[in-house]
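Asks: Return a 3D structure for these sequence lines:
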Amino acid sequence: MFLMVMYAQNRILSTVPATTWAGNYVGGQLRGRATTWAGNYVGGQLRGRATTWAGNYVGGQLRGRATTWAGNYVGGQLRGRATTWAGNYVGGQLRGRATTWAGNYVGGQLRGRATTWAGNYVGGQLRGRATTWAGNYVGGQLRGRATTWAGNYVGGQLRGRATTWAGNYVGGQLRGRATTWAGNYVGGQLRGRATTWGCPYELPTWQELPEWCCKKEGSFVALLHLAVSVLIFLCTRTYTLHF
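Replies: Got it, this is the predicted structure:
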């Protein structure tokens, strides 16, 4: 009898809630709520809420909320909210909010908010806000706000505000405001405001310093850059004193 009940639970394909414990498949076309514990697949075409614990796949075409704990894939075409903990992929075409903790990829075409913690990639075509902590890449085509902490690249085509802390590159084609702290490059084609702190790209060489200061005469920023350049010069060169 118990085996018959488990078999029936694994084969539910109707429009009522489906629940599987330690099962492999819940799906087909579900309209309601599908829950899988330690299962492998929840999907097909879901309209409602799908939850997978320690599962591998939640997706197909989801309209509602999909949640995966320690799972590998949440995606397909999602309309609503998709959350992955320690998962590898959240994406496809998302309309809403996608969140990945310690995951590798959040993207495809996102409309809303995408957040990655210790992840590698957030992008594709984003319309909204993309945030990466200790991540490597935020970009593709972004329309909104992109923020990278200790990341390497923020760019592609950005329309809005891009901020990089200890990052290497912010650019591509930016329309808005780009800010880099201890970064190497801010550029491409900028329309708006670009700010770089501790960036070699923004400082002149020692030979170019007099001409550069003449062009910036009367500017507080020029004096600040001059002081920084002098400090760099004094710290990076050795002197021989003759008496």
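Asks: which ones are touching residue 124?
Replies: 91, 107-110, 140-141 (C-beta atoms under 8 Å, 6 or more residues apart in numbering). In this view, the C-beta of every residue, glycine as well, is placed from N, C-alpha and C.
Asks: So in terms of bridging, what pairs with the residue most central in space within the chain?
Replies: Residue closest to the average C-alpha location in the chain (C-alpha atoms, centre = their mean): residue 122, at 3.1 Å. With DSSP bridges as the criterion, residue 122 is bridged to residue 106, residue 138.
Asks: need the contact list for it.
Replies: 106-107, 114-116, 130-132, 135, 137-138.
Asks: now these: which count as buried?
Replies: The neighbour-count criterion (16 or more other C-beta atoms under 10 Å) marks 106-107, 114-116, 130-132, 135, 137-138 among those as buried.
Asks: Out of those residues, name the two that are farthest from one another.
Replies: Using C-beta to C-beta, these reach their maximum pairwise distance at 115 and 137, which is 14.3 Å.
Asks: Let's see if you can find the most crowded of the contacts of residue 124.
Replies: Among the contacts of residue 124, the one with the most neighbours (other C-beta atoms under 10 Å) is residue 110, at 30 neighbours.
Asks: Output the contacting helices and strands for the helix or strand encompassing it.
Replies: Per DSSP states H and E, residue 110 falls inside strand 109-117. Helices and strands touching strand 109-117, by 3 or more C-beta pairs under 8 Å, 6 or more residues apart in numbering; DSSP states H and E, are strand 93-101, strand 105-106, strand 121-122, strand 125-133.
Asks: Would you reformat those strands as TSV and include distance to residue 65 and mean pLDDT?
Replies: As requested, the helices and strands packed on strand 109-117 are exported to TSV (distance: least, C-beta to C-beta, whole Å; pLDDT from 0 to 100):
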stretch	distance to residue 65	mean pLDDT
strand 93-101	9	85
strand 105-106	16	86
strand 121-122	20	86
strand 125-133	18	87
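Asks: still on that earlier bit, between the strand holding residue 110 and strand 93-101, how many degrees?
Replies: 0 degrees (axes from the mean of the first three to the mean of the last three C-alpha atoms, to 10 degrees).
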